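**Student:** test case, fold it:
(chains A and B)
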Amino acid sequence: MHPTSQSFKDNAHSALTNDTLQRALRKATGRFVNERAHAVGERPDFQVLREQGRAIKADALERLPELLEQFEEQVVARGGQVHWARTASEANAIVLRIAKAEGVTRVVKSKSMATEETNLNEALEGGGLEVVETDLGEYILQLDHDYPSHIIAPAVHKTKEQVADIFERELHEKNPPDAGIPGLNAIARRALRSKFLSSQMGITGANFAVAETGTLVVVENEGNAALTSTVPRIHVAMVGIEKIVPRFDDLRVMLKLLARSATGQRLTSYTNFLTGVAKEGLEGPRQLHIVLLDNGRTKIYDDPKLAGSLRCIRCGACLNACPVYQKTGGHAYGWVYSGPIGAVITPQYLGVNNAQPLPFASSLCGACYEVCPVKIEIPHMLLELRQKVIDGEIAKQAQDGEHAAKPRKSLDRIMEGLSFKMFSMAATRPWLWRLGTNIARVLLRSKASGGQISSLPYPVVRNWTQVRDLPAPARESFMSQWRSQRGANAAVAEQAPPAERKVE
Amino acid sequence: MSSRDEILELLRRSAVWSPKHADTFQMPHLEDAARLSPAVPRQDHHALAERFLMRLQSVKGEAYRAYDTKSVHETVKALIASWNVKSVAYYLDSPVLDFALPKLLEELKLPTFVLKGGPDEDAWRAELAQAALEQRTPKVPWDLAICGCAGAIAETGTIAHRITQGRGRGGWLLCAAQLVVVNVEQIVPDLEDLFVPGGALDKEDMPRAVTLVTGPSRTADIEQTLTVGVHGPGKFAGLVVG
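**Tutor:** Prediction:
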């Protein structure tokens, strides 16, 4: 997909005015948040598990080169092949080459963010192959030439009526009037069954790749990943290099974290542990190819402040918890990864200049960190990325020959800096604070209408009120009300008899 | 330089991730986690069975308990009737044989198919594919697959399925309904208990595929509305015996 992250504000504006999308987002994120809270609440050890998850992924990153070599050794020992790809196009070329060499004409795929990242479908179709997404959400999007808006619920922005129209248009199957969503599922099941059974190659991603045993772990709910990795004679898995965990036993922790954080399930319907190729006489693919994908990960790995983002296990919990994502949805972020983690990793994959607004697409409330199963310090990373944008990263990259983004308006930057200096001065001088808040109250109240402030002409706050209404400040400050109230109480106490005062 | 060498070189060159405690790293506080876990004690088979069945029901699975061959047969007969099953496939797994289920199916005069989990089944797969393409009923249909399991988890209502000689996944994955017969002694308290030597997830003995199955195939991809049976079995039952 062509990234549109630079247009975040426009994308977000479109999303905010789309009532259907707003309803879908409210329902989806509300459900995910509630179900996660319930599943997490069942385990008094969840914070211990989070700490373990963080430590396991940190350990994996510390030893990543040796663990990748160990993983390769284990896969090869079990009859598989490992391919390494520096770039998206190299990864796609590897898969296409395998397909061509093996006479593959049809490929089934289960959901994989790594293949979204490399645009694998487009590359394979360009090579003359039929590629069929089998995750229901991904299948709907493929038929409609759309792209995912949520890591784990890719078609969250589609209504059942839209899906029915897509199926009727593309599959020539009309959903009976009373069949509803189960009827739509049944249409997809029928259409995809023959694809599973007649494909020569199945492509999956992986949630974890275990260095110790060469095992891939793929979690899912539909059974499509199990079929994709069982029925076709060739299994290809595209796996980001950061998916490595050192030990098989680490899965005891990671699996407890993943499903609870992602969908609020204790375990997903199917958790597949795939190790090597099928032995003679047993069911399963005769070839296993694992493509280890870099595509910018080595660059992230080398950034001392942002490398921790490679701990991400793509659960999507931070998306659901984020007040910005809850309103804008995933498409606003303009690339494969959305929400808080998308705002962190997209600028790193695409270059800060090509995703400049994303680090600012956050209220820094910290909800993302609170729910992250591996404790990624997303708010700190967003601040770091903001710093990169502000402190001349743009100019530096322009010198390096990359596309320079338009610098922010200089007046706004000056005023922003000045505002913080003034705030600092006032916050450390009570008399100045009182004076300042009194002046601000008078100014703000003069712009209020019906108890609301709809627009302010002043610099810095002007942008805020373009899209928000603020409640007008109270006529009297809290301190002033407190003093008046205390004075009144003291007067009452003065008038009361001495014994009563004593009791008080 | 190959891409492999280039990636490894770039990672090694990074100063960010010096292996500070690689040699001494131990899985932190696993015992603490186990102690805090709400799981049922492993010795209490009755409580484990109860927890397993309760958890299975909570994920839209059907849960049954039986204590001898007679009650197993009654349960299977009732299930076949309520699911309107017309034909059955089964694996030659020990609980299936121990409780004489092939004999029961013969008595019920239902068409049956023995699943072996190997390339022998390619023929029926081809037929299934052709039938799906032609939008007709397959010639070798079955709408219920019965199998045993390699272990079960009480805390999550999960069964573990290992691909080994005679046991595949296709036979039940492609089916509309699945019945798993679980010996009560196979139920362990929580996920980590399957990782022990000899367990379903023994790292020294991993087959091509082990699948943990927790209820029926499900999706909520359309309007966040949960529906079952999108690819795998839409009906799933666990029958704990013993």
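**Student:** please, where are all the helices along chain B?
**Tutor:** B:3-13, B:30-36, B:45-58, B:69-82, B:94-98, B:101-107, B:122-133, B:170-173 (DSSP state H).
**Student:** in a markdown table, list the ones you listed along with distance to chain A and mean pLDDT.
**Tutor:** Where C-beta positions appear, they are placed from N, C-alpha and C, glycine not excepted. What follows is the helices of chain B, written out as a markdown table (distance: least, CB to the nearest CB, whole Å; pLDDT from 0 to 100):
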| stretch | distance to chain A | mean pLDDT |
| --- | --- | --- |
| helix B:3-13 | 4 | 96 |
| helix B:30-36 | 3 | 48 |
| helix B:45-58 | 7 | 95 |
| helix B:69-82 | 19 | 95 |
| helix B:94-98 | 18 | 84 |
| helix B:101-107 | 21 | 92 |
| helix B:122-133 | 3 | 66 |
| helix B:170-173 | 6 | 86 |
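**Student:** quickly check: stretch A:137-148 near chain B or not.
**Tutor:** Yes: residues of stretch A:137-148 contacting chain B under CB under 8 Å from any CB of the partner chain: A:G137, A:I140.
**Student:** to clarify, my last question referred to stretch A:128-136.
**Tutor:** Yes: on the criterion CB under 8 Å from any CB, stretch A:128-136 is in touch with chain B at A:T134, A:D135, A:L136.
**Student:** so what's the nearest residue to the last one once chain neighbours are set aside up against?
**Tutor:** By that I understand A:L136. Computed as CB to CB, 6 or more residues apart in numbering or on different chains, the closest residue to A:L136 that is not its neighbour in sequence is B:D221, at 4.3 Å. Contacts for B:D221 (CB atoms under 8 Å, 6 or more residues apart in numbering or on different chains) come out as A:D135, A:L136, A:G137, A:I140, A:A153, A:P154, A:A155.
**Student:** A:N221 reaches A:T268, doesn't it?
**Tutor:** Yes: counting by CB atoms under 8 Å, A:N221 does reach A:T268; the two are 5.2 Å apart.
**Student:** where does A:V132 land in three-state SS?
**Tutor:** Three-state call for A:V132 (DSSP: H, G, I helix; E, B strand; the rest coil): strand.
**Student:** thought it was touching A:R106?
**Tutor:** Yes: here A:V132 reaches A:R106: they are 7.1 Å apart, a contact under CB under 8 Å.
**Student:** which of these two has more residues huddled nearby?
**Tutor:** Higher neighbour count among A:V132 and A:R106: A:V132, with 22 against 17, using other CB atoms under 10 Å in any protein chain shown.
**Student:** quick one: which helix or strand includes the nearest residue to that one once chain neighbours are set aside?
**Tutor:** Sequence neighbours aside, A:K195 is the residue nearest to A:V132 in space, at 4.6 Å (criterion: CB to CB, 6+ apart). Per DSSP states H and E: A:K195 is located in helix A:180-198.
**Student:** list the helices and strands that helix packs on?
**Tutor:** Helix A:180-198 is packed against strand A:106-109, helix A:136-143, helix A:160-171, helix A:224-228, helix B:122-133, strand B:227-228, with contacts defined by 3 or more CB pairs under 8 Å, 6 or more residues apart in numbering or on different chains; DSSP states H and E.
**Student:** what's the most buried one of the ones you listed?
**Tutor:** helix A:224-228 (a mean of 30; mean count of other CB atoms under 10 Å in any protein chain shown).
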